[in-house]
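Colleague: Okay, predicted coordinates and the sequence, questions at the end:
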Amino acid sequence: MASSPRHSTHHPTLLLRRHYPNFCALAPLRPTRQLPSLPQQQLQQKQHVGHDPSPSEPTTAAASPATAAAAGALRVGIVGFGNFGQFIAGGIQRQGHAVLATSRSDYSGYCARHGIRFFATADELCEAGPDVLLVCSSILSTEAVVRAIPFRKLRPGTLVADVLSVKQFPRNLLLEILPPGFGIVCTHPMFGPESGKHGWSGLPFVYDKVRVAKEGDQAAKCEQFLSIFEREGCRMVEMSCEIDNLDRAFEKVKQMLYGRLHNVLRKQIVERVPIQ
């Protein structure tokens, strides 16, 4: 009697379970560090206007764009302000940073209600000088979107990030297109508007510092950008060479499985369909 596919050692599901790596479990967690705080001069300014900072007062309160700019917070420009872009913008604002946005559709009404500056074109957004440019487009439109961004209008050393679930493609694309001085961080928030609607605590945020200065303004802005997700409670997972190797290994296993499946189906079709 033939064995059940469930117990067959060649069953595709078992092969997937055996060879598919748990990237988050194998990746090293980002080391816990002291999150950046306001400089002493800014604390004195708050005390001057009658604000008495208490040790128990949370440092993650949201602020208006004007307050964020005054406190030296980031100006994050989002290219592609659909569902996911709006979702990410909420977390950025909760951490007291200013959000600028542009998209093919007109979200000026939404932005006006949420204290976000909306720009009709990417040219106008780049001219506003964001510290970080976050590409939130779909994987199918990412290349066209990135190639249409006028990077020459951004300030030298601007940090550019993406949120795609695949990392090799945006990494290669950004390295090809961006001027040498621009910083590149590839990220993958492994959650969305549904899974993260009650908060981001404990949800994995995968990132890779593809090209970031070791020190100076760009390095500080990169840490400040990543701290947005860290302060929101995300489990920070830094990509490493090992994870990249596992990713390529899984691709080979997937190609092998598809190849075997194709050969089996082709053989069955040839055996069952008579050639006229």
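Modeller: Sure thing, it's come through.
Colleague: So for the helix or strand harbouring Ile92, what gets flagged as buried?
Modeller: Following DSSP states H and E, one finds Ile92 within helix 83-94. When burial is assessed from 16 or more other Cβ atoms under 10 Å, helix 83-94 yields the following buried residues: Phe84, Gly85, Gln86, Phe87, Ile88, Ala89, Gly91, Ile92, Gln93, Arg94. Just so you know, the C-beta spots here come from the backbone N, C-alpha and C atoms, and that holds for glycine as well.
Colleague: what does that helix contact?
Modeller: Where contact means Cβ atoms under 8 Å, 6 or more residues apart in numbering, the residues beyond helix 83-94 that reach it are 60, 62, 74, 76, 78, 81, 99, 101, 103, 107, 110, 114-116, 134, 136, 163, 189, 192-193, 196, 200, 228-229, 232.
Colleague: at 6 Å what do you get?
Modeller: Taking Cβ atoms under 6 Å, 6 or more residues apart in numbering as the criterion, the residues outside helix 83-94 that touch it are Ala62, Val76, Ile78, Val99, Cys136, Pro193, Ile228, Glu232.
Colleague: Give me the distance between the second one and Lys214.
Modeller: Computed as Cβ to Cβ, to the nearest Å, the Val76 to Lys214 distance reads 22 Å.
Colleague: same deal with the third one?
Modeller: Distance check for Ile78 against Lys214: by Cβ to Cβ, it reads 27 Å.
Colleague: quick one: which of the contacts of helix 83-94 is nearest Asp123?
Modeller: Ile78 (15.3 Å; Cβ to Cβ).
Colleague: for the closest one, what are its contacts?
Modeller: Taking Cβ under 6 Å, 6+ apart as the contact definition, Ile78 lies against Gly85, Ala89, Ala101, Leu134, Cys136.
Colleague: Let's have those in a markdown table, adding pLDDT and distance to Phe151.
Modeller: Compiled in a markdown table, the contacts of Ile78 are given as follows (pLDDT from 0 to 100; distance: Cβ to Cβ, whole Å):
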| residue | pLDDT | distance to Phe151 |
| --- | --- | --- |
| Gly85 | 98 | 19 |
| Ala89 | 98 | 22 |
| Ala101 | 99 | 18 |
| Leu134 | 98 | 14 |
| Cys136 | 97 | 17 |
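Colleague: So which of the residues you listed is the closest to Tyr207?
Modeller: The nearest one, if we look at these relative to Tyr207 and count by Cβ to Cβ, is Leu134, at 12.2 Å.
Colleague: what's the burial count for that closest one?
Modeller: In terms of burial, Leu134 registers 25 neighbours under the definition other Cβ atoms under 10 Å.
Colleague: unless I'm mixing things up, it is touching Val160, no?
Modeller: No. With contact defined as Cβ atoms under 6 Å, Leu134 does not reach Val160; the gap is 8.0 Å.
Colleague: just the buried residues of helix 83-94 now: which is nearest Lys221?
Modeller: Distance to Lys221 across the buried residues of helix 83-94 (Cβ to Cβ) is lowest for Ile92, with 13.3 Å.
Colleague: if we can go back for a sec, could you single out the nearest of the contacts of Ile78 to Phe205?
Modeller: Closest approach to Phe205 among the contacts of Ile78 (Cβ to Cβ): Leu134, at 13.2 Å.
Colleague: ok, the closest one to Glu124 distance?
Modeller: To Glu124, Leu134 is 16 Å away according to Cβ to Cβ.
Colleague: For this protein, give the helix that spans the most residues.
Modeller: Scanning the chain for the helix with the most residues, using DSSP state H, yields helix 241-272.
Colleague: who has more neighbours, Val76 and Lys214?
Modeller: Of the pair Val76 and Lys214, Val76 is the one with more neighbours under other Cβ under 10 Å, namely 26 against 6.
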